[in-house]
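Participant: coords please:
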Amino acid sequence: MIGGLLKWAAAVVLGFLLGAGSALLVIGWGAQRSSVAAGAWTINTLAGSQSADIYTRAFVARVGLLALAQSETIYFQAAQDADGRPLTEGCRYELAGGPLPARWWSITLYAADNHLPRNEGDALSIDATSVRADEAGRWTAVVSAASPQDAENWISSDAAGEGFTLTLRLYNPTDAARNDPAQVPTPSLRMLGCGDAT
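Facilitator: Residues are numbered from 1 along each chain as shown. Have a look, this model is predicted:
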């Protein structure tokens with residue numbers, strides 16, 4: 001009797017784990033198949049679209065991205081630097097960009113759990129109105145755990161851990177940006193160094 005109950009309980013647990021695992025894999029696959037690269041950044045072309053399928057909707061719900069309609073906002077995400085290395089708190093990065101095809105933009109750092117890291121840097125994002133740029137609108141920003149002395153623009157990765165991401169939001173993007181996001185001049189993202197080599 002007890003042996004039969006244990007087998008039944010094991011089968012239920014195994015079934016749950018297999019079902020949940022396969023659901024997460026399918027959700028991730030659904031997000032990847034509709035992704036387009038723009039430099040170090042990717043965009044899910046179905047997020048915020050009326051044609052978003054159930055996999056995209058599930059992915060948006062899982063990562064907490066409150067996707068607005070594409071006429072209002074399009075979202076790019078960077079999880080790796082220009083050389084394909086995952087972003088990590090222990091390294092220092094340079095973002096370099098310029099004018100973007102939107103009324104307003106922002107870049108925000110999220111920890112691996114898709115939440116803002118808990119730190120006291122008060123520098124988790126930059127945006128079109130706060131960034132210090134030159135006369136041509138070109139700017140650079142440093143992403144690092146400690147506040148750099150030589151950077152005008154800083155995003156704090158303190159307490160972000162391994163595998164953090166950067167999200168670029170373009171608010172009221174142009175029709176060209178919505179129709180061909182791969183051509184958006186997204187900021188470059190290169191690693192400057194890690195540990196003491198920053």
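Participant: and stretch 90-99, what's its mean pLDDT?
Facilitator: For stretch 90-99, mean pLDDT rounds to 97.
Participant: Quickly find the element holding the residue nearest to the spatial centre of the chain.
Facilitator: Nearest to the geometric centre of the chain sits residue 77, at 3.3 Å (Cα atoms, centre = their mean). If you go by DSSP states H and E, residue 77 is part of strand 73-78.
Participant: what does that strand contact?
Facilitator: 38, 40-44, 47-48, 65, 67, 87, 102, 165-173, 177-178, 181, 184, 186, 189 (Cβ atoms under 8 Å, 6 or more residues apart in numbering). (Each C-beta comes from the backbone N, C-alpha and C, glycine too.)
Participant: Buried members of these into PyMOL, please.
Facilitator: Selecting only the buried entries of the contacts of strand 73-78 in PyMOL, with 16 or more other Cβ atoms under 10 Å as the criterion:
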select buried, resi 38+40+41+42+43+44+47+48+65+67+87+102+165+166+167+168+169+170+171+173+177+178+181+184+186+189
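Participant: Looking at the contacts of strand 73-78, which are in strands?
Facilitator: When these are checked against strands (DSSP state E), the matches are 38, 41-44, 102, 165-173, 189.
Participant: which one of those sits closest to residue 120?
Facilitator: Residue 120 has its nearest neighbour among the ones in strands among the contacts of strand 73-78 in residue 166, at 19.8 Å by Cβ to Cβ.
Participant: ok so, going back, buried residues, the next helix or strand after the strand holding residue 77. List them.
Facilitator: Using DSSP H and E, the helix or strand that follows strand 73-78 in sequence is strand 91-97. Within strand 91-97, the residues that count as buried by 16+ other Cβ under 10 Å are 91, 92, 93, 94, 95, 97.
Participant: so can I have CSV of the residues you listed showing distance to residue 128?
Facilitator: Shown next, in CSV, are the buried residues of strand 91-97 (distance: Cβ to Cβ, whole Å):
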residue, distance to residue 128
91, 26
92, 24
93, 20
94, 19
95, 14
97, 10
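Participant: any chance you could map the helices in the chain?
Facilitator: With DSSP state H as the definition, the chain shows helices at residue ranges 2-33, 54-63, 175-179.
Participant: lowest-confidence stretch among the ones you listed?
Facilitator: Of all those, the segment with the smallest mean pLDDT is helix 54-63, scoring a mean of 49.
Participant: gap between residue 172 and residue 71?
Facilitator: 8 Å (Cβ to Cβ, to the nearest Å).
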